[in-house]
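Engineer: Here's a sequence, model it:
(one chain, ligands or ions: 3)
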Amino acid sequence: MKQGIVIKSTGSRYRVLYGEAEIVECSIKGKFRVKGIRTTNPVAVGDNVLFEFETSRGPGIITEVLERRNYILRKSSNLSKETQIIAANIDQAFLMITIILPETPIEFIDRFLITAEAYRIPASIIINKTDIYGPDEKARMEYLISVYEKVGYRCFPLSVNSNTGTDILRDAMKDKINLLAGNSGVGKTSLLNKFDPLLDLKTEKISEYHRQGKHVTTFPEMHKMPFGGFVIDSPGIRGFGVVDMEKNEIYHFFPEIFRISKNCRFYNCLHLEEPGCAVREAVKNGIIDQLRYRSYVNILDDDNRKYR
Ligand SMILES: Nc1nc2c(ncn2[C@@H]2O[C@H](COP(=O)(O)OP(=O)(O)O)[C@@H](O)[C@H]2O)c(=O)[nH]1
Ligand SMILES: [Mg+2]
Ligand SMILES: [Zn+2]
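Structural biologist: Ligands and ions are numbered 1, 2, ... in the order given. Below you'll find the model as predicted:
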């Protein structure tokens, strides 16, 4: 029996990295069940698996999935109850955003962050394309950095194209399993090509940004980095998984709101119009940022909270 790590999963075929560089195409044998969920793919990228070779060096057969530290899910489709495991054993998650071309909505950032909090996966923000920012965009960027670093999320302003700031990110990703998320067009693939030119992945043309919201079923791929560790690129997965949250627990995943909520008069305060709300007071005093509070209210208001 050999042990490897799954770097690509298409739902029926699995690509397993064995040792430093051996790639073994595998299928699965027997039943694999994930407790408590119905999933369309029992094995996902990031999974540590046991496998055996079918013939001496031919394709392999996965016989066991080793225990997962964590995994993230998404619904297979809007209607179905089945879920797809996007990835497993993630050490940290990075959301790549851009101030312009394309502009990343604030609420999108906060939805990503609360999902990361719910999964208890440390999250950071990469702000790409600093090479094209004028004074207004730079000011906007600095403002976002101050807001998110104050809450505790590390920010990495950088430009993949002009190769500034990428070293700091590389150091942060080294030897870890990193999930890289973000809207299409922000530069995720470009970053991977920068980190490992041998990957030679296809980047998107500017004109293709506009085809957003397309409902394609794609499977993420995990790339081994030459500096150690892995980066999971998830085309077609804009955010990162789904978590069903109750209205009264959304604020638990805004760390700064949650901390202050302990001082609210009512234990079931939603921090909207309730008297004696310490959160609203903190927003008024600038202790909690307006931007984050507004995101919180928007997410709370939004009945259709199922994000992909
Ligand atoms: N100006 C600028 N453009 C970039 C930068 N990084 C990526 N791009 C461009 O943004 C577009 C989308 O990049 P891509 O890597 O395909 O984005 P993805 O959809 O997130 O994988 C391409 O035209 C890239 O050349 C950057 O640092 N600066
Ligand atoms: Mg891409
Ligand atoms: Zn309150």
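Engineer: what's across from residue 72 in the sheet?
Structural biologist: Residue 72 has these beta-bridge partners by DSSP bridges: residue 87.
Engineer: That one: neighbour count?
Structural biologist: For residue 72, the count of nearby residues is 28 (other C-beta atoms under 10 Å). Every residue, glycine included, has its C-beta placed from N, CA and C.
Engineer: can you count the residues close to the residue lying closest to residue 165 once chain neighbours are set aside?
Structural biologist: Closest residue to residue 165 apart from its sequence neighbours, by C-beta to C-beta, 6 or more residues apart in numbering: residue 158 at 3.0 Å. Around residue 158 there are 24 other residues, counting by other C-beta under 10 Å.
Engineer: Thought residue 172 was touching residue 158, still the case?
Structural biologist: No - with contacts counted by C-beta atoms under 8 Å, residue 158 stays clear of residue 172, the gap being 11.2 Å.
Engineer: Give the closest residue to residue 127 in space, chain neighbours not counted.
Structural biologist: residue 157 (4.6 Å).
Engineer: ok, now how distant is that neighbour from residue 223?
Structural biologist: Residue 157 is 23 Å from residue 223, where distance means C-beta to C-beta, to the nearest Å.
Engineer: For the stretch 1-150 of the chain, which residues are neighbours of ligand 3?
Structural biologist: The stretch 1-150 of the chain comes close to ligand 3 at no residue, as judged by C-beta under 5 Å from the ion.
Engineer: Can you name the residue of the stretch 1-150 of the chain nearest to ligand 2?
Structural biologist: In the stretch 1-150 of the chain, the residue that lies nearest ligand 2 is residue 96 (9.9 Å; C-beta to the ion).
Engineer: give me the beta-bridge partners of that residue?
Structural biologist: residue 126.
Engineer: how deep is it tucked in, by neighbour count?
Structural biologist: Residue 96, neighbours per other C-beta under 10 Å, totals 24.
Engineer: ditto for residue 67
Structural biologist: Residue 67: 8 neighbours (other C-beta under 10 Å).
Engineer: just residue 278 next, same as before
Structural biologist: 19.
Engineer: where does the residue nearest to it when sequence neighbours are not counted sit relative to residue 281, distance-wise?
Structural biologist: Leaving out its chain neighbours, the residue that sits closest to residue 278 by C-beta to C-beta, 6+ apart is residue 263, at 3.6 Å. Distance from residue 263 to residue 281, counting by C-beta to C-beta: 8 Å.
Engineer: and what of residue 290?
Structural biologist: 13 Å.
Engineer: which residues in this structure form strands?
Structural biologist: Along the chain, counting by DSSP state E, strands occupy 2-9, 14-18, 22-28, 48-53, 60-65, 71-75, 83-88, 92-97, 123-127, 154-157, 177-181, 221-224, 230-233.
Engineer: least reliable of these going by mean pLDDT?
Structural biologist: Between those, the one with the least mean pLDDT is strand 71-75; it has a mean of 83.
Engineer: what about that one, distance to the chain center?
Structural biologist: 11 Å (C-alpha atoms, centre = their mean, to the nearest Å).
Engineer: Just confirm residue 88 contacts residue 73, I think it does.
Structural biologist: No - the pair residue 88 / residue 73 is not scored as a contact, 10.2 Å apart, by C-beta under 8 Å.
Engineer: Mind checking which of the two has more residues around it?
Structural biologist: When neighbours are counted by other C-beta under 10 Å, residue 88 and residue 73 differ, and residue 88 comes out ahead with 25 against 19.
Engineer: and the more buried one, what is it in contact with?
Structural biologist: When contacts are counted by C-beta atoms under 8 Å, 6 or more residues apart in numbering, residue 88 touches 44, 45, 46, 47, 68, 69, 70, 71, 72.
Engineer: Let me know the closest of the residues you listed to ligand 1.
Structural biologist: Ligand 1 lies nearest to residue 45 out of the contacts of residue 88, by C-beta to the nearest ligand atom, at 16.9 Å.
Engineer: Where do the helices of the stretch 51-200 of the chain begin and end?
Structural biologist: Taking DSSP state H, counting those that start in this stretch as the test, the helices found in the stretch 51-200 of the chain are 106-119, 135-151, 166-173, 188-195.
Engineer: one step back: show me what contacts the residue nearest to residue 165?
Structural biologist: 126, 127, 128, 130, 164, 165, 166, 168, 169.
Engineer: what do you get for residue 252?
Structural biologist: Residue 252 sits next to 117, 258 when contact means C-beta under 8 Å, 6+ apart.
Engineer: distance of it from ligand 3?
Structural biologist: Per C-beta to the ion, to the nearest Å, residue 252 is found 13 Å from ligand 3.
Engineer: do the same with residue 142
Structural biologist: 30 Å.
Engineer: Same check on residue 12?
Structural biologist: Residue 12 is 49 Å from ligand 3, by C-beta to the ion.
Engineer: So what sits opposite the residue nearest to that residue when sequence neighbours are not counted in the bridge?
Structural biologist: Closest residue to residue 12 apart from its sequence neighbours, by C-beta to C-beta, 6+ apart: residue 27 at 7.0 Å. Bridge pairing for residue 27 (DSSP bridges) gives the partners residue 61.
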